[in-house]
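Engineer: structure for the following, please:
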Amino acid sequence: MSVIGPRQVDAWFGSMAHQKIWNTTKKLGGYQYNPSSDTSVGLGFTENARDQVFSGEWTFGGINMLHIFAEEMGNPYYMKEAKQMRQNIENVLTEDVNIDGQNVRSVKYANKRYYIPFGWWANPFPSVASTGWAVFSDANFNPFYLGGKFKSQY
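Structural biologist: Below you'll find the predicted structure:
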């Protein structure tokens, strides 16, 4: 939805379809999903309720999408949710590590080792993917839009 945008999703599937998809994503893949507030700390993987995996990369993808939703739908709640998820990543998945004698800040791929049904393992190691997403997010840059704006339509 970061690429095609919430308005296009709604045009194809009905009013507020983008929100319904996001709510379902949190229910199925949300880390520490809270049904009473329809919030989650971040995102893990499908049917995450059983194993509770928190993924930096996947959560940053959700944060990017929420920034786009906030911009295109004019709803500040999306930004509030995005900022909370970003803070949760900082609290749980971010760490300082030493790589080749250089101290760097990194974001782990996941909070624990977990077999992903796509054929690989999520590991609690510093991740180029998660850390790269952190750079984009903290610079307010959407990598899916030329120029980095939080938009989907040109």
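Engineer: for the chain, which segments count as helices?
Structural biologist: 6-13, 17-29, 56-73, 76-92, 128-138 (DSSP state H).
Engineer: against which helices or strands is the second one packed?
Structural biologist: Meaning helix 17-29. Contact analysis of helix 17-29 by 3 or more C-beta pairs under 8 Å, 6 or more residues apart in numbering; DSSP states H and E lists helix 6-13, strand 42-43, helix 56-73 as its packing neighbours. (C-beta placed from N, C-alpha, C; glycine too.)
Engineer: run a quick neighbour tally on residue 73.
Structural biologist: 17 (other C-beta atoms under 10 Å).
Engineer: for residue 125, same thing?
Structural biologist: 12.
Engineer: what does it show for phi and psi?
Structural biologist: Dihedral pair for residue 125: phi -120, psi 160, per degrees, to the nearest 10.
Engineer: what sits against it?
Structural biologist: Applying C-beta atoms under 8 Å, 6 or more residues apart in numbering, one finds that residue 125 lies in contact with 108-109.
Engineer: so it versus residue 46, what's the distance?
Structural biologist: Taking C-beta to C-beta, to the nearest Å as the measure, residue 125 falls 22 Å from residue 46.
Engineer: can I get the helices and strands packed on helix 17-29 in TSV including mean pLDDT?
Structural biologist: Formatted as TSV, the helices and strands packed on helix 17-29 follow (pLDDT from 0 to 100):
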stretch	mean pLDDT
helix 6-13	98
strand 42-43	96
helix 56-73	97
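Engineer: of those, which stretch is the most buried?
Structural biologist: strand 42-43 (a mean of 26; mean count of other C-beta atoms under 10 Å).
Engineer: tell me what that one is packed against?
Structural biologist: Packing contacts for strand 42-43, counted by 3+ C-beta pairs under 8 Å, 6+ apart, involve helix 17-29, strand 30-31, helix 56-73, helix 76-92.
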